Structures are given as structure tokens and as C-alpha cells.
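Student: Below is the sequence, then the predicted model.
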Amino acid sequence: MKAGRLYYVMGPSGAGKDSVLGWVREHGIPHGMLCAHRYITRPANAGGENHVSLSEAEFQSRAQRGLFALTWQAHGLHYGIGREVEHWLARGADVLVNGSRSAYALADKHFPALQAVLITASHESMSRRLAARGRETEVDIAARLARHPAYDMPIEALVIHNDGSVADAGARLLEAIQQRY
């Protein structure tokens, strides 16, 4: 059985990554593809992506038991991708996962069939979205926006620009994935 491919979606804060992934989940994941949840030490009702909320202690307990394929920290939170993703890939399923630019190099080493996907947007769009979600101060927003150009993206990354509607960006992501099938 051929192993599946991991579509590792990443992007700067405010690019609309969670919204695009949510749209894809609702409007037609290609047959044979699964969407993985992230495990995050953030309350379930904090807004944004559909994730598995864990306390700091539970996250650390799972990490110590080797239940994560990948972990990273960002913005004072812990993030993890569960080992179930490895099982799905081994059984031929393609997997769409919400990753992080800061953990990309680790993910690339861990998952041999990884396809990088970058969701990005203009500075103005990202600034507007970050302000609208109301989780950060103006100083926090400025710091997040300053990080945007700090990451080198792989040349082979699929790049999805999300300055218009979420539906447009989601449809472009689905089209790019389906072209690879």
C-alpha cells in the first residue's frame, strides 16, 4: 500500500489559515483525505480553529508518553499533532494538517511525503483580521505582523493568497490538492 501525503498548511497570523481550513472541511475534502485536529493548550471556546483543548498538565503528560508526532510552542501555547496522523499516512490516507512555520523543518524531517502549503495575505488584510478577532493588543498585532517575512518558505510550497473571500481561497486550496491526485 502506498503511503499517504501530508499537506502541511502554515501561514502568518492573520492570513486566515484557520478560516480557509474550516471552509475546506465544510465544502469538500477530496476523497481519501483526512483533516487532523491540533492539540492546543488553549480553551476550546477561544475562537479560531476547531482544536482539541488540553490543559498544560495533560499536554505534558501526552508528550512524555510519546503521543505526539510533532510539538511546538508559539504565543505562549503548546501545539501538537497526534501520532494518529502517522497511522493514517501509513494506511494510504492523505492528511491535511494545520502546522506552523516555526515547526516546518521538524515536520519535513519527520514526514517523508510532506507537501508544504503556505496561506498568506497582504499586510493590510492580516492586520485587519488580527484586530477583528480581538485576542491581541495593538502591540501584539504589530509583533505578529513583524514576524511575517522572517521565515523562508520551501520553493515547492503551494501558495494560496487569501485577500478575498474565504471561499475563493478555500476553492484554490482544494483545486491545488486535487491537481496532485
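Tutor: Thanks, I have the structure now.
Student: Okay, and Y8 sits in which element?
Tutor: strand 6-10 (DSSP states H and E).
Student: Mind checking what helix or strand follows that strand in sequence?
Tutor: helix 17-26.
Student: So which residues make contact with the next helix or strand after that next one?
Tutor: As assigned by DSSP H and E, the chain's next helix or strand after helix 17-26 is strand 33-35. With contacts defined as Cβ atoms under 8 Å, 6 or more residues apart in numbering, strand 33-35 is touched by 7, 21, 24-25, 29, 88, 93-97, 177. C-beta coordinates here come from the backbone N, C-alpha and C atoms, glycine included.
Student: So among those residues, which ones count as buried?
Tutor: Buried members of those, scored by 16 or more other Cβ atoms under 10 Å, are 7, 21, 24, 88, 93-97, 177.
Student: Please report how far I141 lies from Q115.
Tutor: As judged by Cβ to Cβ, to the nearest Å, I141 and Q115 stand 30 Å apart.
Student: for L77, what are its contacts?
Tutor: Counting by Cβ under 8 Å, 6+ apart, L77 touches 40-42.
Student: Tell me, how many residues neighbour D18?
Tutor: Using other Cβ atoms under 10 Å, D18 is surrounded by 20 other residues.
Student: Test my guess that it contacts R133.
Tutor: No. With contacts counted by Cβ atoms under 8 Å, D18 stays clear of R133, the gap being 9.7 Å.
Student: circling back: which among the buried ones among the contacts of strand 33-35 gets closest to N162?
Tutor: Closest to N162 out of the buried ones among the contacts of strand 33-35 is L21 (10.9 Å), distances taken as Cβ to Cβ.
Student: Which pLDDT value goes with the spatially closest residue to that closest one that is not a sequence neighbour?
Tutor: Leaving aside its chain neighbours, L21 sits nearest to N98 (5.7 Å; criterion: Cβ to Cβ, 6 or more residues apart in numbering). pLDDT, N98: 94.
Student: from now on call the first residue 372
Tutor: Sure, I'll start numbering at 372, so the last one becomes N469.
Student: Could you list every helix and strand that the longest helix along the chain packs against?
Tutor: Longest helix in the chain by number of residues (criterion: DSSP state H): helix 537-550. Packing contacts for helix 537-550, counted by 3 or more Cβ pairs under 8 Å, 6 or more residues apart in numbering; DSSP states H and E, involve helix 388-397, strand 485-491, strand 529-532.
Student: will you turn those into a markdown table that also has mean pLDDT and distance to R433?
Tutor: Shown next, in a markdown table, are these (pLDDT from 0 to 100; distance: least, Cβ to Cβ, whole Å):
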| stretch | mean pLDDT | distance to R433 |
| --- | --- | --- |
| helix 388-397 | 91 | 22 |
| strand 485-491 | 94 | 23 |
| strand 529-532 | 92 | 30 |
